[in-house]
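Asks: Make a model of this:
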Amino acid sequence: MIHLRRYPVADCCASKGSELERLARQAEQRRVLVLVLALNAAMFLVEFTAGLIAGSAALMADSADMFGDASVYALSLYALDRSDRWKAGAAMAKGLFILGLGLAVLIEIGVRLQTGVPPRSTLMLLFGGLALVVNLFCLRLIWRFRSLDMNMSSAVECSRNDVIANSGVLLAAGAVAVTGSFWPDIIVASVIAVLFLRSATRVIAEAWPALRRVPG
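Replies: Below you'll find the model as predicted:
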């Protein structure tokens, strides 16, 4: 009687099934990242233009956040199907990029302090609200991938920061409308800058040990 060796075949099928599941998940991640990349790039152009017209440091800081996220998602896409070292390197690049954005926002705040002119609160409310809706949608899309690896974790970190920053812009717009002062706009822009710097520190602190630990 011929005895079939069933277990190796079963193990092989299970292995192939796991690999197919992994590839399917990567394809799903790629589609989601492409979508949120496109949304953030479009919102950067819209919100930056609105910030210039409104004279709002907070709105411009929020638009810089959108641009930063578009770059972050592009890096996430680049590292998606690469090695752990590439993913750690992409996370490090994100951290350094976010750090640069935080410093750029601080410079913009200094420029706005020189003028002392209050921004147009109606435009702040309109475009800050639009940005909040877009970022909540993006966060919902990528939230389920947050625990896969540091690459996706850092992408979720950026999207979550966006929602906080958008809420701050709306609060600033309301305060500017009530007080007629430019200070609420400056304060919120400063908070966004601190948020950038804090997030950059966290991402870099997570990526640096992994980058050193993973062989090339």
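
Asks: Please give the element, helix or strand, for residue 45.
Replies: helix 6-54 (DSSP states H and E).

Asks: Now do the helix or strand that contains residue 185: which elements does it pack against?
Replies: Residue 185 is part of helix 183-213, with elements assigned from DSSP H and E. With contacts defined as 3 or more C-beta pairs under 8 Å, 6 or more residues apart in numbering; DSSP states H and E, helix 183-213 has these neighbours: helix 57-79, helix 84-115, helix 150-179. C-beta: built from backbone N, CA, C; applies to glycine.

Asks: circling back to that earlier point, check the model's average confidence along the helix holding residue 45 for me.
Replies: Helix 6-54 carries an average pLDDT of 71.

Asks: still on that earlier bit, out of the helices and strands packed on helix 183-213, nearest to residue 194?
Replies: helix 84-115 (7.6 Å; C-beta to C-beta).

Asks: Can you name the residues in contact with the helix or strand following that closest one?
Replies: Per DSSP H and E, helix 84-115 leads on to helix 121-142 as the next helix or strand towards the C-terminus. Here helix 121-142 makes contact (C-beta atoms under 8 Å, 6 or more residues apart in numbering) with 32-33, 35-36, 39-40, 43, 46-47, 50-51, 53-54, 56, 58-59, 62, 66, 69, 152, 155-156, 159-160, 162-163, 166-167, 169-170, 172-174, 176-177, 185.

Asks: at 6 Å instead, please
Replies: Contact with helix 121-142 is made by 32, 36, 39, 43, 47, 50, 54, 56, 59, 62, 155-156, 159, 162-163, 166, 169-170, 173, 176-177, as judged by C-beta atoms under 6 Å, 6 or more residues apart in numbering.

Asks: Show the buried residues in those.
Replies: Neighbour counting with 16 or more other C-beta atoms under 10 Å marks 32, 36, 39, 43, 47, 50, 54, 56, 59, 62, 155-156, 159, 162, 166, 169-170, 173, 176 as buried within the contacts of helix 121-142.

Asks: before we move on, back to that, direction-wise, compare the helix holding residue 185 with helix 84-115 and give the angle.
Replies: 160 degrees (axes from the mean of the first three to the mean of the last three C-alpha atoms, to 10 degrees).
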